[in-house]
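In: here you go, sequence then predicted model.
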Amino acid sequence: MDPIYLDHAATTPIDPEVLDVMADTYKNVIGNPSSIHSFGRQARRIIDDARDTIAKYIGAESREIVFTSGGTEGDNMAIIGAALASRKFGKHIITTKVEHHGVFRTCEYLESLGFDVDYLDVDRTGRISVDDLKKKLRDDTILVTIMYGNNEVGTIQPIQDIAHLLASHQALFHTDAVQAFGTEDMDVKDTPIDLLSMTGHKIGGPKGIGFLYIREGVSLTTMTHGGEQERKRRAGTQNVPAIAGLGRAVELVRDRQPERIGRYLEERRTLLDTLDAEHVGYRVNGNPDHFLPQILNLYFPGTNIETLLTKLDLAGVAVSSGSACTAGSVEPSHVLTAMFGQDAPETRSSVRISFGSGLRLEQIKEAGNVIAQSVRELVGIGQD
């Protein structure tokens, strides 16, 4: 059996059209975009075009887009930058217990600097309560950072309700949109978001490039110092080929979004139908109504997650136990722990399956059969 890659939430294969754009840029664009001669202006035009494409996709202005090295840098730039710039108005921050570590660890760092951070609970589907957020809001709250869609279970948070709640409050609203970008419609004006971060390698773009949307008028303390690139937000010579690739990747997800969502939902149904036909016991972790179509987190009672992942890998099926940033760790998922409790069996027996480009339904069925056989073997061992 040819290997089947079902871990697109960790990273996606680069789209051939993106690779072509990057290769052409590497070969033909040699100038520094800060230079005023024709070679520099050529590089600058590529950056400007990509910035325009991205801004239009999320309803922003071009000047509000800052290129970064990816989601983690964008999260850090937004959260630390906003906290330091706004500390004269207070030191209270609100986030959730299910954030990506790019947010979670950054908030913990700010706690070490004397900031007060509240971590909102979630229900058993991974969703926060807007009423809980409202109760936690204080006069000295300066920042609320809540992810758009969860990277482990796919649950989408009530972003629009949160944004409108905060519109009349001094607190800035940041959302980590890394996993949701490309499948969820985003309009940062209609849904008043102040800061939004994403990364290219989740949408068929290159690794090492992303962007942070910073609403006009939002003050951030700069974290890198040097030149005046990116409107003085991020010093350093821009990675022109990667930015060109990111711009093309955003164009492709924009043009293909309805088709991609439909394909992911079909792949999701096909996998679950295969497991049902094989009479495997499982439960879907996440919210049944508000979820990212490309992420499917499944609880298989009676299995050991590390053993199951190993069996699947040896059989040629690549899935995950959660966030790629904690790969190799034997610690239970903090997301599943927040949803089900510290010692819940879901934290020890759940896998994340995530869909992406290049998959065929025959492969999905084949993977489903392999998963079913592996689960049956493990459950049988556990009952011996």
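Out: Received, thanks. Predicted model only: the values in this text are computed from it and were never measured.

In: so where's the protein uncertain?
Out: In the predicted model of the chain, residues 322-330, 381-384 satisfy pLDDT under 70.

In: how far away is the nearest residue to Thr96 once chain neighbours are set aside from Leu133?
Out: Closest residue to Thr96 apart from its sequence neighbours, by CB to CB, 6 or more residues apart in numbering: Leu120 at 4.5 Å. Yep, even glycine has a C-beta here, placed from its N, CA and C like the rest. Distance, Leu120 to Leu133, by CB to CB, to the nearest Å: 6 Å.

In: hang on, the residue nearest to Thr96 packs against Glu99?
Out: No - contact criterion CB atoms under 8 Å: Leu120 and Glu99 do not qualify, at 9.7 Å.

In: who has more neighbours out of those two?
Out: Glu99 (24 against 21; other CB atoms under 10 Å).

In: need the contact list for that one.
Out: 107, 145-147, 176 (CB atoms under 8 Å, 6 or more residues apart in numbering).

In: Lys311 too?
Out: 374, 377-378.

In: among the contacts of Glu99, who's most crowded?
Out: Asp176 (30 neighbours).

In: thought it was touching Thr145?
Out: Yes - if you go by CB under 8 Å, Asp176 and Thr145 touch, sitting 7.3 Å apart.

In: between these two, what contacts are shared?
Out: 75, 99, 103.

In: possible to save the residues you listed as CSV with secondary structure?
Out: What follows is those, written out as CSV (DSSP: H, G, I helix; E, B strand; the rest coil):
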residue, secondary structure
Asp75, helix
Glu99, coil
Val103, helix
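
In: out of the residues you listed, which is nearest to Ile261?
Out: Glu99 (24.2 Å; CB to CB).

In: relative to Lys136, how far out is that closest one?
Out: From Glu99 to Lys136 the distance is 15 Å (CB to CB).

In: which residues are in contact with each of Leu120 and Glu99?
Out: Joint contacts of Leu120 and Glu99 (CB under 8 Å, 6+ apart) are Ile146.

In: between the two ends of stretch 222-234, what distance do you get?
Out: Stretch 222-234 has an end-to-end distance of 7 Å (CA to CA, to the nearest Å).

In: return the distance of it from the chain's centre.
Out: 24 Å (CA atoms, centre = their mean, to the nearest Å).

In: what's the answer for stretch 341-359, then?
Out: Mean-position distance between stretch 341-359 and its chain equals 16 Å (CA atoms, centre = their mean).

In: going forward, the N-terminal residue is numbered 19.
Out: All set: I'll call the first residue 19, so the last point we hit is now stretch 359-377.

In: buried stuff in that stretch?
Out: Within stretch 359-377, the residues that count as buried by 16 or more other CB atoms under 10 Å are 362, 364-375, 377.

In: helices along the protein, start to end?
Out: 34-46, 56-76, 89-104, 119-130, 148-154, 177-184, 258-295, 323-332, 352-358, 379-401 (DSSP state H).

In: circling back: in the buried residues of stretch 359-377, find the pair that's most separated.
Out: Ala362 and Ser375 (33.8 Å).

In: assess the claim that Thr392 and Leu327 are in contact.
Out: Rather than Thr, residue 392 is Ser. No - between Ser392 and Leu327 there is no contact under CB under 8 Å: 9.5 Å.

In: which of the two has more neighbours?
Out: Applying other CB under 10 Å to Ser392 and Leu327 shows that Ser392 carries more neighbours, namely 22 against 19.

In: measure the residue nearest to that one when sequence neighbours are not counted to Asp136 for me?
Out: Closest residue to Ser392 apart from its sequence neighbours, by CB to CB, 6+ apart: Lys329 at 4.5 Å. From Lys329 over to Asp136 the distance is 40 Å, taken as CB to CB.

In: Asp331 now?
Out: Distance from Asp331 to Asp136, by CB to CB: 39 Å.
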